[in-house]
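**Student:** quick one, what's the 3D model for this:
(one chain, ligands or ions: 2)
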Amino acid sequence: MRVLVYDCSAGISGDMNLAALIDLGADRDILERELSKLNVHGEWKLECRRAAQAGIHGMRVDVLAHEHGHSGHSHEHHHRTMADIRRIITESGLPDAVQKTALSIFSLLAEAEAHVHGTTPDQVHFHEVGAVDSIIDIVGAAICLDLLRADAVFTGPVELGGGRVTCQHGVMPVPAPATALLARHFQSTLNGTPHEATTPTGAAYIAAVAQPAPSPLSGRITASGYGIGHREGLPLPNILRVMLVETEEQDTATERLTELCANIDDMTPEQTAYLAEKLMEAGALDAWQESICMKKGRLAFKICALCLPEHADRVRTAFFRNSSTPGIRQYDACRHILRRECSTVQTRHGTVGVKTSFMNGRPHHRKAEFEDCKALAEATGLPLEECQMMGLFPHDDHDESRQDSL
Ligand SMILES: O=C([S-])c1cc(C(=O)S)c[n+]([C@@H]2O[C@H](COP(=O)(O)O)[C@@H](O)[C@H]2O)c1
Ligand code: NI
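**Tutor:** Ligands and ions are numbered 1, 2, ... in the order given. Predicted coordinates:
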């Protein structure tokens, strides 16, 4: 597995992150070409140069933002909403994986800003965090992750910093309110340095993409990238390090998930089905209903949703909004996953995806993608099961043997 390991012991900001990922090997030309697909033309320019701090050489990135397309200004004054940002990303034509990563980072940022400023994620106007430099930092990082083909992102504790920071709202304590909210998603340290070591953008990125680094983590460090920050002369050099680690192929991995559930005795089956749909839309990995007999002998529903911890707030909000329940139970869950490989096979009627899971280093289970087999069945008129067999054994003459037997 190729994993990225973040060393945020001196914090993380949007520009340091982009710089570290470029230094690690993400191709800058491809990055700029991909970024130009965003509908924020003429509003930005990426300036990347080699820089050093405390004798460590790396990359420094500045996103130069132009007001209304004119250069010479270091700040532009668009106030974009989450809907604007979502539109810019979904209309970009960037790969789905890039869009998904960028949207999950922005969603977390929107939730945190909304909470701090007493509004909703959809109504929040991004200020500094929604300016074009944040869009480039966040979407740029999502593009770099895709280019670096990382299977997972790990992080150690994140230094948040200390002291005060001056921003659009005036002087704020460090961590800034949005950063402090986002820091509930990861381990952090405080006051390691008397400045803002981690910004809301850096915190949202770590919250959305990184998991705690397993300990021990064994593998080979094949590359390191250094993102050099702008602050000089600090007790803790303003540097972010990201390492590319090639780990031993392991058959099982574990991931942290969150389960939310509630027992409901006053909703109709139509309403609970709709609720399950809304939970999926809010980011649940799965949502299901169980038949239960609850207090007072009432046949009722237990509605459950499983999601990534960073999506739990959103899924819980959707749960409350679309159900009658005044309470939701929430548990940490640990999911063990077998290593899986995805491949495609060519059948005489079309391509079918196949997933193979492994145990003890050997293939354990193979499954043809249901949606591909269904499409094949619908296009050819062949039975679904035959198309599934075709996906697993593409060289056998399935439909002809069927013709013979008819
Ligand atoms: O302008 C707003 S709303 C703002 C809010 C907050 C909160 O924590 S709320 C913080 N900040 C500061 O803006 C800069 C830029 O952060 P990036 O994430 O865009 O790099 C940073 O100093 C924040 O503390 C602004
Ligand atoms: Ni704010």
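**Student:** packing partners for the longest strand seen in the chain?
**Tutor:** Among all segments of the chain classified by DSSP state E, the strand with the greatest residue count is strand 252-264. Under the contact criterion of 3 or more C-beta pairs under 8 Å, 6 or more residues apart in numbering; DSSP states H and E, strand 252-264 touches strand 211-212, strand 298-307, helix 312-321, strand 329-338. Every C-beta, even on glycine, is put in place using the N, C-alpha and C of the backbone.
**Student:** just so I know, which of those lies nearest ligand 1?
**Tutor:** Comparison of the helices and strands packed on strand 252-264 against ligand 1 by C-beta to the nearest ligand atom identifies helix 312-321 as nearest, at 16.1 Å.
**Student:** who does the closest one touch, helix- and strand-wise?
**Tutor:** Using 3+ C-beta pairs under 8 Å, 6+ apart as the contact test, the elements touching helix 312-321 are helix 96-117, strand 252-264, helix 269-281, strand 298-307.
**Student:** before we move on, the earlier item: so which bits of the longest strand of the chain are buried?
**Tutor:** Going by neighbour count (16 or more other C-beta atoms under 10 Å), the buried part of strand 252-264 is 253, 257, 258, 259, 260, 261, 262, 263, 264.
**Student:** show me this structure divided up by domain.
**Tutor:** Taking automatic domain parsing as the domain assignment, the record places the domains of the chain at 2-247, 255-337, 340-405.
**Student:** output these as CSV; include the columns mean pLDDT.
**Tutor:** As requested, the domains of the chain are arranged in CSV below (pLDDT from 0 to 100):
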stretch, mean pLDDT
domain 2-247, 90
domain 255-337, 96
domain 340-405, 85
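**Student:** tell me which of those domains is the most buried.
**Tutor:** Comparing the domains of the chain on average neighbours per residue, with mean count of other C-beta atoms under 10 Å, the densest one is domain 2-247 at a mean of 19.
**Student:** ok, that domain near ligand 1 or not?
**Tutor:** Yes: among the residues of domain 2-247, 13-14, 113, 116, 127-129, 134, 165, 167-169, 176-179, 196, 199-201 lie within reach of ligand 1 under C-beta under 6 Å from any ligand atom.
**Student:** distance between that domain and the chain's centre?
**Tutor:** 13 Å (C-alpha atoms, centre = their mean, to the nearest Å).
**Student:** span of it from start to end?
**Tutor:** With C-alpha to C-alpha, to the nearest Å as the measure, domain 2-247 spans 6 Å from end to end.
**Student:** dump the residue contacts of the spatially closest residue to residue 281 that is not a sequence neighbour.
**Tutor:** Ranked by C-beta to C-beta, 6 or more residues apart in numbering and with sequence neighbours excluded, the top spatial neighbour of residue 281 is residue 318, at 7.1 Å. Applying C-beta atoms under 8 Å, 6 or more residues apart in numbering, we find residue 318 in contact with 278, 279, 281, 282.
**Student:** which of these lies closest to residue 394?
**Tutor:** residue 281 (35.3 Å; C-beta to C-beta).
**Student:** that closest one and ligand 1: what is the separation?
**Tutor:** 27 Å (C-beta to the nearest ligand atom, to the nearest Å).
**Student:** and that residue, how far from residue 307?
**Tutor:** As defined by C-beta to C-beta, to the nearest Å, residue 281 lies at a distance of 12 Å from residue 307.
**Student:** same thing with residue 116?
**Tutor:** Applying C-beta to C-beta to residue 116 and residue 307 gives a distance of 23 Å.
**Student:** before we move on, what about residue 135?
**Tutor:** Taking C-beta to C-beta, one finds residue 135 at 26 Å from residue 307.
**Student:** and whichever strand or helix holds residue 3, what does it pack against?
**Tutor:** For residue 3, the element it lies in under DSSP states H and E is strand 2-7. Under the contact definition 3+ C-beta pairs under 8 Å, 6+ apart, strand 2-7 sits against strand 152-155, strand 239-247.
**Student:** got CSV for those strands, with distance to residue 342 too?
**Tutor:** Putting those into CSV (distance: least, C-beta to C-beta, whole Å) gives the following:
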stretch, distance to residue 342
strand 152-155, 16
strand 239-247, 19
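**Student:** what kind of secondary structure is the residue in the stretch 201-350 of the chain that ligand 1 sits nearest to in?
**Tutor:** Using C-beta to the nearest ligand atom, residue 201 is the residue of the stretch 201-350 of the chain that sits closest to ligand 1, at 3.1 Å. Of the three states, residue 201 takes helix according to DSSP: H, G, I helix; E, B strand; the rest coil.
**Student:** contacts only, for the residue nearest to it when sequence neighbours are not counted.
**Tutor:** Sequence neighbours aside, residue 14 is the residue nearest to residue 201 in space, at 3.6 Å (criterion: C-beta to C-beta, 6+ apart). Applying C-beta under 8 Å, 6+ apart to residue 14 gives the contacts 133, 134, 137, 138, 141, 199, 201, 202, 205.
**Student:** change it to 7 Å
**Tutor:** Each residue near residue 14 by C-beta atoms under 7 Å, 6 or more residues apart in numbering is listed here: 134, 137, 138, 199, 201, 202.
**Student:** likewise for residue 220?
**Tutor:** The contact partners of residue 220, taken as C-beta under 7 Å, 6+ apart, are 245, 246.
**Student:** which SS class is it?
**Tutor:** strand.
**Student:** returning to that earlier point: quick check: angle from the longest strand of the chain to helix 312-321?
**Tutor:** An angle of 20 degrees separates the directions of strand 252-264 and helix 312-321 when computed by axes from the mean of the first three to the mean of the last three C-alpha atoms, to 10 degrees.
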